[in-house]
Structure formats: structure tokens, C-alpha cells
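Visitor: below are the sequence and a predicted model; questions follow.
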Amino acid sequence: MRLKKIAVVFAIIYAITSQGFIFTANAASADVSQRIGGKDRYETSADVSNFGWKDGSDYVVLANGQIYADALCSVPLAKKNNAPVLLTEPDRLSDSVKNELERLKVKHILIIGGEGVISNNVVDSVNSLDNKPEIKRIGGKDRFETSVKVAQELGGADKIAVTYGYNYADALSMSSIAAVKGMPILLTDKDNIPDSVQNYINNTKPSTSYILGLEGVVSKGVENSINKSLSTTSIRLGGSDRFSTNIKILKQFEEDIDFNNIFVAAGDGPVGNEFADALSGSALAAQKNSPILLVYNKLPSESESYIKGKITKDSREIAIGGESVLPNSIIESIAGYIQDKNDAKPGNPGGNDSSDDSDNHEEIPVVNVEGNDVTITYTDSNIKAGSATVEIYSYGTKNYKYIDQDYNPDGSCEFKFTLDKGSYSGQLNVNGTKINIPEFDVD
């Protein structure tokens with residue numbers, strides 16, 4: 001096997017402040033923005049899991065990547081168990097997801113949906129894992145009953161969210177918030193509430209119900225049925241379209257939301273399945289008590305106005321999905337709003353002169369490539385402690401292939417990972433110090 005050692009020296013300028021493990025304040029707009037996206041929805045779900053559950057997870061929620069309803073309803077359950085949501089094909093477990101399950105050293109896997117949704121072939125693949133996790137299947141005869149089964153697994157809830165079962169966008173807007181509040185997401189038909197859902201509401205008697213969407217999405221008849229069961233008036237959260245509904249939901253729960261992380265996801269698209277990347281991203285947003293902002297080919301004016309008012313200098317943007325579903329222009333716009341907050345902070349009104357508060361350092365990041373195995377090491381004696389993050393992406397793109405975090409009490413860090421054949425570059429972010437990694441090849 002061939003061993004490559006690439007050593008590059010860069011002058012590093014410390015950022016004025018650092019809040020978190022990836023982004024630095026008062027830096028170029030790209031430094032307050034992160035995109036997580038793989039070659040398909042399954043690899044993206046593995047990348048999101050790797051990003052948010054670096055040290056592994058006892059639990060994983062496994063959902064069909066082609067049926068958004070099951071995955072979105074399962075986000076509160078994932079939050080309860082501090083679990084990522086990984087996506088699978090109906091009849092096959094992808095290599096990227098299988099590898100991530102191995103890395104996580106998972107002990108319990110919650111499969112969402114019956115055998116018609118996730119087949120026993122997938123179960124057999126899970127059973128072949130070295131750590132032999134316990135498997136529990138949670139599913140009903142249809143998506144409505146499955147949402148009830150997930151709610152029952154979640155446990156007693158005083159509040160519920162009810163959304164149309166064939167429109168992913170509203171459930172996506174609510175998913176991370178519902179998860180943080182321990183609130184089940186129940187699915188309904190537009191004009192009639194399914195018996196399984198009605199029976200659940202009758203039996204549990206939650207004190208508050210939220211209906212997502214206007215009457216053209218979930219009818220007045222469904223609302224009346226819920227209100228009659230609970231002897232209360234439901235709170236309807238809806239706007240003129242899915243993007244407006246997204247903002248109405250965020251406004252309703254903004255006191256419970258941490259806007260230091262803002263997740264951006266595709267809320268629409270020409271094909272109709274652009275939501276897929278955001279399914280697993282919902283669990284990561286829930287982990288961070290963060291909002292999901294829906295966009296399409298532009299940032300809607302209502303969304304733009306709202307998010308600009310919530311952004312602070314400590315905010316970070318995390319885009320879920322590749323450029324084909326989330327245009328760079330949108331990501332750069334939001335990053336620019338964050339940068340504006342940093343440029344205007346007290347003590348540095350112009351945002352251009354940080355020379356009084358920074359130090360220059362020259363250190364050598366070393367990249368070792370042996371086959372498909374890559375090791376990146378870095379040492380800086382001037383940095384005594386802090387967080388270190390490596391970001392690797394396909395060379396010449398922003399399609400991230402590997403993201404990991406380490407803690408370096410002695411100023412050193414080491415990352416080991418596996419990449420497919422190709423050309424890569426990336427960046428180290430060590431306690432607020434940025435070090436560019438030049439192109440390297442994996443043969």
C-alpha cells in the first residue's frame with residue numbers, strides 16, 4: 001500500500017471569538033455556514049449521524065427513506081432516546097448506513113413501519129452487524145396507524161400536533177420542535193380523521209392540540225372532531241403556503257427555540273422528493289433545540305424577514321442537502337445576515353480590523369493516506385485546549401464527505417476515517433483557528 005504524507009504550512013489568524021465547534025465569529029460568510037449532504041439520501045443520513053453523534057449512540061431510529069411520513073413522525077421518539085434517524089431503502093440496507101451503524105456501536109434499533117415498509121431483508125442485514133443490536137419494529141397497517149404506534153412508544157403526552165399525512169413540509173417544520181417538547185406528530189386525512197388517530201386522542205385526552213396548515217390542508221371537519229374529543233379549541237398554525245406555515249410554527253414556539261443553530265432544508269422542488277435529505281436532519285435539529293427553515297429556489301420574503309430578526313452573532317447555519325436541492329445563493333444569503341451581525345458587534349463596528357485581538361501562527365497539518373484510510377494530525381503548542389473539527393469535501397465542491405470533532409487538551413488532534421477513491425480538500429478548525437487542507441487523492 002502506498003503512503004502519502006502531505007505537509008502544508010499556512011499562516012493562521014485567530015478569530016476574535018469562537019462559539020461552537022465549527023464556526024467562528026467575525027470570519028468570512030462561509031465560516032458561519034455548513035452544508036451536510038452525501039451522494040444520496042442514505043449517505044446523507046449517515047453523514048448527519050456522524051456529525052451529531054460522534055461518540056456513538058445506544059439507539060438508532062431506522063426509517064424508510066422513500067416514505068417521509070414515518071421518518072418525520074419518529075423524530076420525537078429519536079429525541080427521547082438521543083438517537084439519530086438513519087434512512088434505508090425498503091428492501092436493502094445501504095453500505096453507508098450499515099457502516100454508520102457499526103461505527104455508532106448501536107445497541108437498540110427502532111424500525112419504523114411494517115414489513116411492507118421496511119422488509120425483513122433489512123432486518124437480516126441489521127442482524128449481521130458485529131454488535132448484534134436489539135431490534136424493535138414499530139408500525140401499523142398504514143401511515144396513520146404507524147403515527148399512533150410511534151406516539152404510544154413515545155409515552156404520555158399532554159400536547160399533540162396533527163398534520164396532513166400526504167404533505168411532508170408541515171410535519172418537517174414541526175418535527176424538531178415537537179421532539180423538543182415531547183409532542184407526538186399524528187397524521188390525518190384532509191377531510192376525515194382516521195379511526196386509529198381519533199381513538200388515540202380519545203384515550204389520551206391531551207390538553208392542547210396544534211393543527212398544522214389552513215383548512216385547505218386539514219379541514220374544519222377534522223378540527224371539529226378533535227375539539228369535540230378534547231372539549232377545547234385546537235390551535236391552528238397555517239399560512240398561505242408551506243413556507244408561510246413554517247414561519248407561523250416557528251413564531252408560535254420561538255421561546256423554546258435556540259437560534260444559535262439554524263437548519264435550512266428544501267421545502268419544495270420540481271420532483272417532489274427533495275425533502276429526503278432533511279428527514280435525518282430533523283433529528284439533528286431536535287438534538288440542538290433548533291429550528292428548521294424551509295426554502296425552495298429562493299428565500300421567501302416572510303422567511304427572510306423573520307430569520308434576519310432572530311439571527312445573532314453566535315448563530316450558525318446548517319444546510320441539509322446538496323446544491324441540487326439547496327442553491328448556494330440561499331445559503332450565502334443567510335450566512336451574510338449572520339456575518340452582518342458580527343461586523344456590527346460592539347468594539348469592532350467596521351468588522352474589518354481584528355489585528356489588536358489576534359495572533360499569527362504557522363503550523364503543519366499532516367495528511368496520511370493509506371489505501372482508503374485517511375489520517376489527519378495537527379499539533380499547535382500555542383493552543384492549550386479547545387475543540388477541533390475537520391471538514392473534508394470533494395475537491396472543488398462543498399459536498400461534505402466527512403465531518404468529525406475532537407477535543408485537544410494538549411493542542412493536538414487526530415482524525416481517522418475512510419474515503420472512496422477521489423480528490424478531496426477541506427479545513428481544520430481548531431479552537432477558532434482555521435487551517436486549510438489542500439487537495440489530496442485517495443486511490
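Guide: Good, I have the coordinates.
Visitor: hey, where'd the strands end up in the stretch 251-400 of the chain?
Guide: 261-266, 292-295, 316-320, 360-363, 366-370, 373-379, 387-394, 400-407 (DSSP state E, counting those that start in this stretch).
Visitor: what does Ile311 show for phi and psi?
Guide: phi -70, psi 140 (degrees, to the nearest 10).
Visitor: nope, Gly155 is what I was after
Guide: Residue torsions, per degrees, to the nearest 10, at Gly155 are phi 100, psi -180.
Visitor: next: Thr188.
Guide: According to degrees, to the nearest 10, Thr188 has phi -140, psi 160.
Visitor: residue contacts, it?
Guide: Applying CB atoms under 8 Å, 6 or more residues apart in numbering, we find Thr188 in contact with Phe144, Val162, Thr163, Tyr164, Gly165, Pro194, Val197, Val218, Val222. Any C-beta I mention is one placed from the backbone N, CA and C, and that applies to glycine too.
Visitor: what's the least confident stretch among the strands of the stretch 251-400 of the chain?
Guide: In terms of mean pLDDT, the lowest-scoring of the strands of the stretch 251-400 of the chain is strand 360-363 (a mean of 48).
Visitor: please tell me how far Gly182 sits from Phe263.
Guide: Distance from Gly182 to Phe263, counting by CB to CB, to the nearest Å: 20 Å.
Visitor: more neighbours: which of the two?
Guide: Phe263 (24 against 16; other CB atoms under 10 Å).
Visitor: if we ignore the residues flanking it in sequence, what's nearest that one?
Guide: Taking CB to CB, 6 or more residues apart in numbering, and ignoring the residues beside it in sequence, Phe263 has Ala285 as its nearest neighbour in space, at 4.3 Å.
Visitor: please pull out the lowest mean pLDDT helix or strand from the protein.
Guide: Lowest by mean pLDDT, DSSP states H and E among the helices and strands of the chain is strand 10-13, with a mean of 25.
Visitor: for the record, mean pLDDT for the helix or strand following it?
Guide: The helix or strand immediately downstream of strand 10-13 is strand 33-36, counting by DSSP states H and E. The average pLDDT for strand 33-36 rounds to 90.
Visitor: chain center to whatever helix or strand comes next after strand 33-36: distance?
Guide: Going down the chain from strand 33-36, the next helix or strand is helix 41-52, by DSSP H and E. From the chain centre to the centre of helix 41-52 is a distance of 8 Å (CA atoms, centre = their mean, to the nearest Å).
Visitor: quick check: angle from helix 41-52 to strand 316-320?
Guide: Inter-element angle recorded for helix 41-52 and strand 316-320: 150 degrees (by axes from the mean of the first three to the mean of the last three CA atoms, to 10 degrees).
Visitor: can I get helix 41-52 in CSV, CA atoms only?
Guide: Extracted in CSV, the C-alpha atoms of helix 41-52 (Å, rounded to 0.1, in the frame of the first residue of the first chain):
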residue,chain,number,x,y,z
ARG,A,41,-30.4,10.5,1.0
TYR,A,42,-29.0,7.4,2.6
GLU,A,43,-25.4,8.6,2.7
THR,A,44,-26.7,12.0,3.9
SER,A,45,-28.4,10.4,6.8
ALA,A,46,-25.2,8.6,7.7
ASP,A,47,-23.3,11.9,7.4
VAL,A,48,-25.8,13.7,9.6
SER,A,49,-25.5,10.9,12.2
ASN,A,50,-21.7,11.1,12.1
PHE,A,51,-21.9,14.9,12.5
GLY,A,52,-24.2,14.8,15.5
